[in-house]
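Enquirer: Return atomic coordinates for the entry below.
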Amino acid sequence: MKQFLKDLFENQSYDENNFFLIAGPCVVESEELLIEVADKVSSVCKNLGIPYIFKSSYRKANRTSASSFTGLGDNTGLSLLKKIRDRYKLPVTSDIHAHEEAAMAAEYIDILQIPAFLCRQTDLLVAAAQTGKTVNVKKGQFVSGPSMKFAVEKINKAGNEKVMLTERGTTFGYQDLVVDYRNIPWMKEYDVPVIMDCTHSLQQPNQATGVTGGNPKLIATIAKSAIAVGADGLFIETHPNPAVAKSDGPNMLKLDLLENLLKQLVRLREAVV
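Expert: From the prediction side, this is the model:
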């Protein structure tokens, strides 16, 4: 495990041979929701020896419909994430969408996530790098794993070696994605931790209804396959009741299903490491 990851997990007890987990509700809906998810997931991860990063978006800038929920406001969302970090002693992550957000978000969170659609935005990558925080870049749906070396180079040249890459599917047709698992070993060649986004890779975007669809029944399939080919971490958005979630409900994992899935994944990891 990279030293910067060990530093992030310094307050946790875990098995260093395990994968790490990034999980939480898609968007900050309320303090109560964040506490419910963080409490459950942190407890499960502690019992299973899985290092855990809490994730939720303080702002949803990329929505299909203008009427979609975009957040509670930047200061409120970020402050609630900081509360989770302080209360549970967890590293937290959220996505940023413009270079001017980087310094602001870095005051509250530990990992700056670059959305897939923005993985080629040089000014955004450089601004994130210059905060000194860990930067997790999601692979664009429109690029290959080998192409992500340029994102890593941009961040490194800005003076930051704390980089992670996330696979989240490739555009297939007009309203679906497919996962090419070759991208995981390809991206690992750049000597960075590679994560599999098990929920966004099952999105069915740009539906005529204006609401993104999904196929959550395949989350376990995506996760198991990623562990089998050597992913360092898994990204799984989860919610107590995805049917009423304000963002990405159709492709989130129901919270009470997470523990059993993680138990299976830990056993699989033991078999392949």
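
Enquirer: residue boundaries of the strands in this structure?
Expert: 20-24, 52-55, 92-95, 111-114, 134-138, 163-167, 170-171, 177-178, 194-197, 203-204, 213-214, 233-239, 253-254 (DSSP state E).

Enquirer: quick one, which of these is nearest to Ala223?
Expert: Set against Ala223 and scored by Cβ to Cβ, those come closest in strand 233-239, at 5.6 Å. Every C-beta, even on glycine, is put in place using the N, C-alpha and C of the backbone.

Enquirer: quick one: average confidence on that closest one?
Expert: Average pLDDT, strand 233-239: 97.

Enquirer: partners of the spatially most central residue of the chain in the sheet?
Expert: In the chain, the centroid-proximal residue (Cα atoms, centre = their mean) is Phe235; its distance is 4.5 Å. In this entry, Phe235 is beta-bridged to Ile22, Asp197, by DSSP bridges.

Enquirer: Please look at it and Lys55 and confirm they touch.
Expert: Yes: using Cβ atoms under 8 Å, Phe235 makes contact with Lys55 at a distance of 7.2 Å.

Enquirer: contacts for stretch 135-144?
Expert: Here stretch 135-144 makes contact (Cβ atoms under 8 Å, 6 or more residues apart in numbering) with 22, 93, 111-117, 119-120, 125, 128-129, 145, 148, 151-152, 155, 160, 162-171, 177, 180, 183, 186-187, 195, 197, 200.

Enquirer: which stretches of the stretch 151-273 of the chain have low pLDDT?
Expert: 174, 204-214 (pLDDT under 70).

Enquirer: where along it do the helices fall?
Expert: Secondary structure of the stretch 151-273 of the chain (DSSP state H, counting those that start in this stretch): helices at 183-188, 219-228, 258-272.

Enquirer: which helices and strands does the longest helix along the chain pack with?
Expert: Using DSSP state H to define each element, the chain has its longest helix at helix 31-48. Packing partners of helix 31-48 (3 or more Cβ pairs under 8 Å, 6 or more residues apart in numbering; DSSP states H and E): strand 20-24, strand 52-55, helix 74-88, strand 233-239, helix 258-272.

Enquirer: Report the inter-axis angle for that helix versus strand 233-239.
Expert: With axes from the mean of the first three to the mean of the last three Cα atoms, to 10 degrees as the basis, helix 31-48 and strand 233-239 are set at 140 degrees to each other.

Enquirer: List the buried residues for helix 31-48?
Expert: Neighbour counts over helix 31-48 (16 or more other Cβ atoms under 10 Å) mark 33-34, 37-38, 40-42, 44-45, 48 as buried.
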